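S.K.: mind folding the following:
(one chain, ligands or ions: 2)
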Amino acid sequence: MRSVALILAAGRGERLGSPLPKQFLTLAGQPLLRHSARAFLAHPRIAGVRVVGEPEGCAAALDGLGLPAATPGGVTRQASARAGLEALATDPPDVVLIHDAARPLVSPAVIEAVLDALAAGAEGAIPAVPVTDTLKRDAAGMVGETVPREGLMRVQTPQGFRFEAILEAHRAAAGAAMTDDAAVAEAAGLGVRLVPGSEDNIKVTLPGDIARAEALLGAALVPRIGTGFDVHRLVPGRPLVLCGVALPSPLGLSGHSDADVGIHALCDAIYGAMAEGDIGTHFPPSEARWKDADSAAFLRHAASRVAARGGRIAHADVTLICERPKIAPHAAAMRERLAALMGVAASCVSVKATTTERLGFAGRGEGIAAQAAATLLLPP
Ligand code: CTP
Ligand code: MG
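M.R.: Ligands and ions are numbered 1, 2, ... in the order given. Sure thing, here's the model as predicted:
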């Protein structure tokens, strides 16, 4: 069963009232649309993702994910869904999961439940949660009546269907303004099964919903700690750069790049926390282009990997191990520099130093060592 996700991102977001349509607003460092697309790209049972929306804005939001150009949408959600289905019809999948870009927190379990129902033979399947509040009708600010809530469900997306059937249903319903695809399916007489949705699968709609989604996302992140260690030899005729700050010194560190031992240890801590190898994996010393490179680029890369995984850097702690130069007078500048490169507040970054009581290579001034720890918050 080849399953493709169709993500609708052509709305104007009028109820949210931001100048930028809500699907392009940033949630934990990434556009809402990117969260939604990544949820499906990461799902092993989803073979492809197609997006409906303004092509340029979508391309920027989805940069690097390897998706085809977005299909322009229509005036209503229903028209946008139909445009996406027509685009998919050139290479039709067996089933399609139609999803609102505005639901960035869709979980693997909800996607799974929809796919399972379709695999079991359902013509359509949509996630739903029961109404738990008592319902009243508003009669000009007064309670008009109490509406029985028994059997009422709030429905979400992704809404899954056999592709040919929902394409036909959408063609037949063209011109109406139904707010979900299940309504289109109902109009065509298709049976649509209800599967368990999630209270966290919110549709960002009203002001304040971004903050709500961010809180839900934050709660779902898991702390991971990484450590790093590095040593470089001190030699004459090289500049000394430590934690991104150039220091006056008769000796500098030798190495392929600028040999900033502090940044190297910190990068390894960040890569380690993500279990993504080490600095040599990403910037092989065998490659000439990293010769004398500013190590700032390495730290920016490590931080961008964290963002690409939907995580954030919660803290970093670097210890430089040397007799001289004295680090304390420069520690504040180093913290500022590292924080700027990682895009975090300086209050999350610590730089400190120790000697080894003149023992060993560091004690004899033959080299400088650094160790680092980083705490990341990453999606599970
Ligand atoms: N959508 C779409 N094309 C439209 C209208 C909506 O692709 N013409 C998409 C939205 O981008 C959103 C999803 O359908 O991801 C659900 O619609 P809704 O929450 O109503 O979003 P908007 O229409 O953008 O918001 P509003 O109704 O507040 O203007
Ligand atoms: Mg709308």
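S.K.: hang on, Asn201 packs against Ala109?
M.R.: No - between Asn201 and Ala109 there is no contact under CB atoms under 8 Å: 9.8 Å. C-beta coordinates here come from the backbone N, C-alpha and C atoms, glycine included.
S.K.: show me which of these two is the more surrounded one.
M.R.: Ranked by neighbour count (other CB atoms under 10 Å), Asn201 and Ala109 place Asn201 first, with 20 against 12.
S.K.: okay, the more buried one and ligand 1: tell me how far apart.
M.R.: 13 Å (CB to the nearest ligand atom, to the nearest Å).
S.K.: doesn't that residue lie inside a helix?
M.R.: No - read with DSSP: H, G, I helix; E, B strand; the rest coil, Asn201 is coil and lies in no helix.
S.K.: contact partners for it?
M.R.: Contact analysis of Asn201 by CB atoms under 8 Å, 6 or more residues apart in numbering lists Arg103, Leu105, Val106, Ser107, Val110, Pro127, Gln156.
S.K.: from ligand 1, how far out is the closest residue in space to the second one that isn't next to it in sequence?
M.R.: Put plainly, it is Leu105. The spatially closest residue to Leu105, leaving aside those adjacent along the chain, is Asp200, at 5.3 Å (CB to CB, 6 or more residues apart in numbering). Using CB to the nearest ligand atom, Asp200 is found at 17 Å from ligand 1.
S.K.: give me the neighbour count for Asp200.
M.R.: Asp200: 17 surrounding residues under other CB under 10 Å.
S.K.: next, the buried residues of the strand or helix carrying Ala331.
M.R.: Using DSSP states H and E, Ala331 maps to helix 331-342. Within helix 331-342, the residues that count as buried by 16 or more other CB atoms under 10 Å are Ala331, Met334, Arg335, Glu336, Arg337, Leu338, Ala339, Leu341, Met342.
S.K.: against which helices or strands is it packed?
M.R.: In terms of contacts (3 or more CB pairs under 8 Å, 6 or more residues apart in numbering; DSSP states H and E), helix 331-342 is packed against strand 245-247, helix 261-274, helix 296-308, strand 312-321, strand 349-354.
S.K.: mind checking which of those is nearest Pro72?
M.R.: Shortest distance between Pro72 and the helices and strands packed on helix 331-342, using CB to CB, is found for helix 296-308: 27.0 Å.
S.K.: that closest one to strand 312-321, inter-axis angle?
M.R.: On the basis of axes from the mean of the first three to the mean of the last three CA atoms, to 10 degrees, helix 296-308 is oriented at 150 degrees to strand 312-321.
S.K.: average pLDDT across helix 296-308?
M.R.: If you average the pLDDT over helix 296-308, you get 93.
S.K.: may I see the buried residues of it?
M.R.: Using 16+ other CB under 10 Å as the test for burial, helix 296-308 gives Ala296, Phe298, Leu299, Arg300, His301, Ala302, Ala303, Arg305, Val306.
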